[in-house]
Structure formats: C-alpha cells, structure tokens
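Enquirer: based on what follows, work out the 3D shape:
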Amino acid sequence: MPAQRGRVISCRRFGTGFPSPLDGGEKDLASALRALSPERPLDAAASRDLVRDALVAARPLARVCTPIQEGMYTRLQGYSRKTAGQSLGREEPTSREVYTPSGRGVHTLDQATRPRAVCAIGAFDGVHLGHRALIAQAREEADARGDELVVVTFSPDPSVVLAPSHPQRMLLDDEARLRALGSAAGVDRLVVLDFTPGLASLPYDRFVRETLGELVDLDCIVVGADFRLGAAGAGDVAALSELGRIDGFDVVGMELADEGGAPITATRIRALLAEGAVEEAAGLLGRCHYVSGTVEHGRGEGTGFGFPTANVRVGEGVALPAEGVYAGYVACGGVAWPAAINVGKPRSFSPGEQGEPFLEATLLGFKGNLYGSRVSVVFARWLRAPRTFGSVEELERVVLGNVDWVRSTLGEKNVELAGEVAS
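Expert: Sure thing, here's the model as predicted:
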C-alpha cells in the first residue's frame, strides 16, 4: 500500500547486525575486527572479502540524461559523466547528471518519458548503514507502487557551500560516494545535482516542482526524519508533506537507524575516527574505512628495516583516523597487501621535533615500485598510539613488532581482488 503523506516510520530493524565477512558472519563487523589477533588471524578469503567490501566496488554507471546545454565529458573511474545546465532563476545554472547501472539500457529523461518514481534524497556521506536502510525502505516503497527508485544526491557535499570556512571532512570522496550509491541494491537511477549557492538558496517547493519535477513523475519522497531541504532548511518532513498534499505525492520520513542507543550518522562516524576507533566506525559504515591518495617519496625508514614503505598523500577534506598505528591493507590495481599504517607526524626521536601530517604504510608481500600510483588504504584495526623514540634501535624494535602483528594476523602475502575495485 502507498505511504500516507508525512508518514514517519522506524528503521530500528536495520541495525548493525549485518553478517560480517569475518567469523563466518557470527559477529557484527566491529566486534569481529576487535577480536582479530595472532591467535585469531584472517584467512585469504576473509581478507579479500574485507578489502573488497571496504573499497565499495561498483558496476559502471551509464549516463542517461539529455543535456540542455552541452557540457564537457569528465572521465571518472568506471563510468561516464556529462553535465547539463538548467536555469533556476539564479545567476548560475545548476548542472545535472543522471546515471543508471550498466545493463539496464540508456534512456532519455524528458517530459514524455519521465519515470513514475520514488525519490530518496540526501548527501549520503559514507553511504553508511543508515543510508542503506533508507535506500532499502525507498526500494520497498517503489516496489509496492510499481515505480522506479531514483536516488538524488549533491556534488560537492552541501557543507562545502554552506560552511566554506570549515567544511566537513568526508568519509568518501565524491567519486567513491557516487560509485557506492550507484551500486546500492535496488537503485534504478542516480541523479547528481551540482550544489551551488543558487541551489542552496532555492525554496524547497521550487526544488521539488522545478528540479525533481523535470526529472521524474514524482510519486513519493523518502528522507530521514531530520531531513531539511531548500533555503534556510525550511523543507522538513512536515513542509514536504503539505506540499505533497497539494501536488499529489507522498512523503516518508525515516527515523534514523540506531546502534547502541544512538543514531547512525556521518557525524558520529567522523567522531569515532577522530578517536582512532576504526573498528566501531566500521560497524556503523558496514565496511572498513578507507582513504585514497598518491604515493610519494618519503624518508624510507621502513625500507631500512627490510620492508617497503608507501608514503601516501591524501586529498584535503578527507576524514583520516586519529594519529597512531593501525593494521590494514594498501590496495592498488586489483591487488592488496597487508600493512602496518602510521597516521600522524613523521617518526621523531625528540618530543620537540615537528613535521607535517602524513600517512605511511609498511607493506608485506610487496615487491616493486608504487611511486606516483593512486592507492587505497584500508583501516582494519587500531594497534597503538603515537610515541617518540629514544634511539633508532628502539624505533626499529617497535616497528618490527607492529609488522609482526600484521603478519601473524592479516598474513604476509598479497590479496588478489577479483573483479573491479575502486582504488
């Protein structure tokens, strides 16, 4: 049955009790990661699944919109992207991109062929378990109505425009977020709107009627119960429901999925990462957290101890975990290597020494050269806090101890990642 307008439903049933790739699915992911040890190591299959899940491998997406103004093709990893300008009565146009998973065909969205649709709307940073619950509920609504499910999101993240002096640190970069949304179960189309000051100042009713209305024949909107849309955030569930009463669409506001008595939000996950609690963050994400960057030349201390190291420069605005040492993986080109990962200032022999923040990974089972390569660094387990060292011998002893823990727990051979992986 179609939803009643303005219905608010609970999604507690979409908690974090999802099967884990570890322990045969018997534990939630956070508990399974905390339990990792040399006495309870991962086998090759579990390592592969853990890394693949973390990297949010996605099917290619195909463009399905007809441009109003011809834009430039921007090649993104795994799919094509083409922008279309649309005037919203502001000085700047708002670009629009529409994708559909490959294999479903390429269609034109125009007034004659607009699909009858349920729209799930949000920024979806991290595409965490709460977001997946919302998309699953939207899929149920679409199935009950015989509609398509269209996910609508924004690029860049709205915080970049609304709070430019202190934008949020992102759990996924733009490309990875779109890939994760496009590969989410049951999504028929993904609409990406360029979030500009003009779009931010657009009243919510005009956004629904002029922007969504051009793309789809709107049947239902599914959003979080705390969602706000349009200028000054005036478009909450109540306001959208009243607009739906006038225009003939329904609104479902979902209570936020919770875990441990607190809602699953990107803000909560960022706070966990800032504490170094990568296992708990993984439990809310439904996967291990990862960051991507380019390998640069570093001091090569790990190489001096007999192990190759990768110094990774990540982009600004990326949510790095707290300073410290972690166990995880470095992935590149369909292969991942177990690694001891150091996040923070360069290793020092005096508390007074200073340096720029960095990410350095000591790789096991790697032979070759990654300089200039783009890699993904997956954080599986916290090992220790940062510290200073009194000597090179002490530094070597501690580093080798970290490496031994990784070798005994995650292995010392590369992990082949069958299929396409975002790195």
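Enquirer: which stretches of the protein have low pLDDT?
Expert: Scanning the chain for pLDDT under 70 picks out the ranges 1-27, 57-113, 298-305, 345-357, 419-423.
Enquirer: quick one, helices of it?
Expert: All helices of the chain, identified by DSSP state H, fall at 29-34, 44-54, 129-145, 158-162, 174-182, 197-200, 204-206, 213-215, 237-247, 266-274, 278-285, 301-304, 392-410.
Enquirer: my read is that Ala136 contacts Ala185, right?
Expert: Yes. Distance between Ala136 and Ala185: 7.3 Å, which falls inside the contact criterion (CB atoms under 8 Å). For every residue, glycine as well, the C-beta is placed using N, CA and C.
Enquirer: ok, these two, which is more surrounded?
Expert: With neighbours defined as other CB atoms under 10 Å, Ala136 and Ala185 compare such that Ala136 has more, 20 against 9.
Enquirer: contact partners of stretch 290-300?
Expert: Applying CB atoms under 8 Å, 6 or more residues apart in numbering, the contact partners of stretch 290-300 are 54-55, 173, 176, 309-315, 318-320, 346, 358-360, 370-379, 422-423.
Enquirer: kindly recompute the last result at 6 Å.
Expert: Identification of contacts with stretch 290-300 by CB atoms under 6 Å, 6 or more residues apart in numbering yields 54, 310-314, 318, 370-371, 373-378.
Enquirer: hmm, back to that, most tightly packed of the helices of the chain?
Expert: Most buried of these by mean neighbour count (mean count of other CB atoms under 10 Å) is helix 278-285; its value is a mean of 27.
Enquirer: check which helices and strands that helix is in contact with.
Expert: In this structure, helix 278-285 makes packing contacts with helix 29-34, helix 266-274, judged by 3 or more CB pairs under 6 Å, 6 or more residues apart in numbering; DSSP states H and E.
Enquirer: got a markdown table for these, with distance to Trp337 too?
Expert: Conversion of the helices and strands packed on helix 278-285 to a markdown table gives the following (distance: least, CB to CB, whole Å):
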| stretch | distance to Trp337 |
| --- | --- |
| helix 29-34 | 18 |
| helix 266-274 | 22 |
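Enquirer: select, out of the ones you listed, the one closest to Val223.
Expert: Within those, the stretch nearest Val223 is helix 266-274; the backing value is 15.0 Å (CB to CB).
Enquirer: got the angle for the closest one vs helix 129-145?
Expert: Regarding helix 266-274 and helix 129-145, their directions subtend 150 degrees when assessed with axes from the mean of the first three to the mean of the last three CA atoms, to 10 degrees.
Enquirer: from the contacts of stretch 290-300, which would you call buried?
Expert: Neighbour counting with 16 or more other CB atoms under 10 Å marks 54, 310-312, 314, 370, 373, 375-378 as buried within the contacts of stretch 290-300.
Enquirer: which one of the residues you listed is nearest Asp258?
Expert: Checking the buried ones among the contacts of stretch 290-300 against Asp258 by CB to CB gives Ala54 as the nearest, at 23.0 Å.
Enquirer: that older thread, between the helices of the chain, which gets nearest to Tyr329?
Expert: Counting by CB to CB, Tyr329 lies closest to helix 44-54 out of the helices of the chain; the figure is 5.2 Å.
Enquirer: what angle do that closest one and helix 278-285 make?
Expert: Angle between the axes of helix 44-54 and helix 278-285 is 60 degrees (criterion: the same axes, to 10 degrees).
Enquirer: pull the distance from stretch 259-276 to the chain's centre.
Expert: Here the centre of stretch 259-276 is set off from its chain's centre by 14 Å, with CA atoms, centre = their mean, to the nearest Å.
Enquirer: nearest to Ala327, out of the helices of the chain?
Expert: Distance to Ala327, taken as CB to CB, is lowest for helix 392-410 among the helices of the chain, at 4.9 Å.
Enquirer: by contact count, what packs against the closest one?
Expert: strand 335-344.
Enquirer: circling back: CSV for the helices of the chain, including distance to Ala336?
Expert: Formatted as CSV, the entries for these read as follows, by distance: least, CB to CB, whole Å:
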stretch, distance to Ala336
helix 29-34, 16
helix 44-54, 5
helix 129-145, 23
helix 158-162, 31
helix 174-182, 16
helix 197-200, 38
helix 204-206, 44
helix 213-215, 38
helix 237-247, 42
helix 266-274, 20
helix 278-285, 16
helix 301-304, 18
helix 392-410, 10
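Enquirer: list the contacts of the closest residue in space to Asn342 that isn't next to it in sequence.
Expert: Sequence neighbours aside, Glu360 is the residue nearest to Asn342 in space, at 4.7 Å (criterion: CB to CB, 6 or more residues apart in numbering). For Glu360, the contact set (CB under 6 Å, 6+ apart) comprises 309, 311, 342.
Enquirer: so what's Glu360 bridging to?
Expert: In this structure, Glu360 has the following beta-bridge partners (DSSP bridges): Asn311, Asn342.
Enquirer: these two touch, right, Leu171 and Asp125?
Expert: Yes. Contact between Leu171 and Asp125 holds when scored by CB atoms under 6 Å: they sit 5.2 Å apart.
Enquirer: ok, now how distant is the residue nearest to Asn342 from Leu55?
Expert: Between Glu360 and Leu55 the computed distance is 20 Å (CB to CB, to the nearest Å).
Enquirer: cool, Tyr329 as well?
Expert: With CB to CB as the criterion, Tyr329 and Leu55 are 9 Å apart.
Enquirer: could you find the closest non-adjacent residue to the most centrally placed residue in the chain?
Expert: What sits nearest the mean C-alpha location of the chain, by CA atoms, centre = their mean, is Gly126, with 3.0 Å. In space, Gly126 comes closest to Leu171 once its chain neighbours are excluded; the distance is 3.3 Å by CB to CB, 6+ apart.
Enquirer: what does Leu285 give?
Expert: Distances taken as CB to CB, 6+ apart place His128 nearest to Leu285, at 4.9 Å, with adjacent residues excluded.
Enquirer: go on, Arg169?
Expert: Ala319 (4.1 Å).
Enquirer: that neighbour: neighbouring residues, count only.
Expert: If you count neighbours by other CB under 10 Å, Ala319 ends up with 20.
Enquirer: just Asn369 next, same as before
Expert: Applying the criterion other CB under 10 Å, we find 9 residues in the vicinity of Asn369.
Enquirer: all set, thanks.
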